[in-house]
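A.B. asks: Model the following, please.
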Amino acid sequence: MDTPRPEHLQPTPAIDADHPAVRDFAQRHAQGDGARAQAVALYLAVRDGLRYDPYRIDLSTRGMSASQALAQGYGWCVPKAVLLAAAARAAGIPARLGFADVRNHLSTERMRRVIQTDVFYWHGYTELWLEGCWVKATPAFNVELCQRFGLLPLEFDGRQDSIYHPYDRAGQRHMEYVHQRGSFDDLPLTDIAADFARLYPGLMDQAQLAGADFTAEVRQETQA
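C.D. replies: Sure thing, here's the model as predicted:
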C-alpha cells in the first residue's frame, strides 16, 4: 500500500513547511476537529486567499516556494499546490504533489496567444493523507475567478478527490485530463523548467506579458 513516508512531513527548499510564514499560515488556518477538518480549512484558505495568476511565473526555487506564494498573495496552480502541501506538513498532515497535463477549454485571448495551445502541461495539485488514503485537492482557482468564468468552484471534503470539473455551469467543456504524471514527494522543478522552456517560450518571455493582468482580462472578456 502507498502509505506516507517521513519525507511527506518534512520541509524541502520549495515545500518550505519550516518557514515562519508558512508555519503561521498553518497555525491560523488549520482549524477544526481532526486532520480532515483541518485539511479542508487549509484548502479553502489557499484556494481563496491567493489570487490565481498564470502570468507571473518564476521558475527559481524561491519563486516556486510556498513562502514566496504567501508573500506575493497570488500564484498559478503549482505554487498554490506547493503552499497547500507545505501548510499541511506544517500542521502534521502528510502531503505530496501530483501533476497532470490538462486541456483547458476556457482561457483568455492573451493567454491562448502566448502559450499557442490549449494544453496546460504540469498542472499541479496536492495529495493529502487523510483517514487512511491519499486524497487529491486542487486549490488553483479562487472562488471569485470561478464566478467570473462561470465555473463551479472546486470544493474539497477531505474524503473524495477534488479535481477540475469537465464542464462549466453552462454545460460547455472546461477541463480534460489528458495525461497523468503521477505523485512526487518534492517539486520536480528541473523537469518543469525544461518543459516550459521548450513548450511555452512565449510564457517565459516576460516582455510579452508586461502589464498583463489576468484578472482584469477575465473581467473584461466575461463582461463582453
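A.B. asks: give me the low-pLDDT residue ranges for the protein?
C.D. replies: Along the chain, the parts satisfying pLDDT under 70 run over 1, 105-106, 165-173, 207, 224.
A.B. asks: Pick out the residue nearest the middle of it.
C.D. replies: residue 77 (2.8 Å; C-alpha atoms, centre = their mean).
A.B. asks: In three-state terms, label the residue nearest to it when sequence neighbours are not counted for me.
C.D. replies: The shortest distance from residue 77 to any residue other than its chain neighbours is 3.8 Å, reached at residue 140 (C-beta to C-beta, 6 or more residues apart in numbering). (C-beta placed from N, C-alpha, C; glycine too.) Using DSSP: H, G, I helix; E, B strand; the rest coil, the structure places residue 140 in coil.
A.B. asks: Quick check: residue 140 touching residue 81?
C.D. replies: Yes. Assessed by C-beta atoms under 8 Å, residue 140 is found in contact with residue 81 at 7.3 Å.
A.B. asks: that older thread, what's the spacing between the residue nearest to the centre of the chain and residue 141?
C.D. replies: 8 Å (C-beta to C-beta, to the nearest Å).
A.B. asks: what residues do the two have in common as contacts?
C.D. replies: Counting by C-beta atoms under 8 Å, 6 or more residues apart in numbering, the common neighbours of residue 77 and residue 141 are residue 52.
A.B. asks: where's the residue nearest to residue 19 when sequence neighbours are not counted, which helix or strand?
C.D. replies: Of all residues not flanking residue 19 in the chain, residue 67 sits nearest, at 4.1 Å (C-beta to C-beta, 6+ apart). Using DSSP states H and E, residue 67 sits in helix 66-72.
A.B. asks: which parts of that helix are buried?
C.D. replies: 66-70 (16 or more other C-beta atoms under 10 Å).
A.B. asks: Show me the strands in the chain, by range?
C.D. replies: Along the chain, counting by DSSP state E, strands occupy 51-52, 74-75, 95-104, 119-130, 133-137, 175-184.
A.B. asks: Which one, of the ones you listed, ends up nearest to residue 147?
C.D. replies: For residue 147, the closest of those is strand 51-52, at 12.4 Å, according to C-beta to C-beta.
A.B. asks: about what we covered before: what is the nearest of the buried residues of helix 66-72 to residue 53?
C.D. replies: Nearest member of the buried residues of helix 66-72 to residue 53, counting by C-beta to C-beta, is residue 69, at 10.3 Å.
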